[in-house]
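*Asks:* prediction below, plus the sequence it came from.
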Amino acid sequence: MKKTIYRILLGLVLGVAITSCTQNDGYIGPIFGKWQLTEMWENGTMTPHDSIFYNFQTSIIQIQLVHRSGLNNSTDNFYGNFVKENGELRFNIMEPSWVEFVLPSVLKLEPVGAEHMNVFHIETLNSSKMILTRGEDERFVFRKF
């Protein structure tokens, strides 16, 4: 009987330790996780979207562009580093890193490389919605996915 109680207690302690480490090492506040772009505003004109995703974990951003073609979808993945501070989100895309690579224009992002920083003002960021603005005429509306 004592062995069973000790095993249960050990299991509980290990479970709490493992989940708390994962939370502290990976969770970075409300920006953590996968976000789907739903609206892109430019010069007062809204373009609906459903195939662009921003993924945030620790200091890494992954941007995904999904190409939908029936059952055979494909995804382009782009990776970089981000910083969220003082109401701004700043990131650059570092991968893929080959010289002749050009980001798809639909992403509306700076070219690949450390010298090309994307800077957005965070208008809204909560557990279900993120709105980023850039300049006076660009607005990007995301939903938590």
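*Replies:* Cool, got the structure. Numbering: from 1, shown residues only.
*Asks:* bridging residues for His67?
*Replies:* Counting by DSSP bridges, His67 forms beta bridges with Ser74.
*Asks:* I should have written Gly80 there, sorry.
*Replies:* Beta-bridge partners for Gly80, by DSSP bridges, are Ile61, Ile93.
*Asks:* return the list of helices and strands in contact with the helix or strand where Ile63 lies.
*Replies:* Element membership for Ile63, per DSSP states H and E: strand 60-67. Packing partners of strand 60-67 (3 or more Cβ pairs under 8 Å, 6 or more residues apart in numbering; DSSP states H and E): strand 52-57, strand 74-85. For every residue, glycine as well, the C-beta is placed using N, CA and C.
*Asks:* what's the closest non-adjacent residue to the residue nearest the centre of the chain?
*Replies:* Residue closest to the mean C-alpha point of the chain, counted by Cα atoms, centre = their mean, is Asn55 at 2.4 Å. Counting by Cβ to Cβ, 6 or more residues apart in numbering, Gln62 is the residue found nearest to Asn55 once chain neighbours are left out, at 4.1 Å.
*Asks:* ok so Asp50 is a helix residue?
*Replies:* No - counting by DSSP: H, G, I helix; E, B strand; the rest coil, Asp50 is not found in a helix; it is coil.
*Asks:* I'd say it and Met40 touch.
*Replies:* No - using Cβ atoms under 8 Å, Asp50 is not in contact with Met40; the gap is 11.1 Å.
*Asks:* so for these two, which sits in the more crowded spot?
*Replies:* Neighbours were counted for Asp50 and for Met40 using other Cβ atoms under 10 Å; Met40 has more, 18 against 11.
*Asks:* so who does that one touch?
*Replies:* 46-47, 49, 108, 138-141 (Cβ atoms under 8 Å, 6 or more residues apart in numbering).
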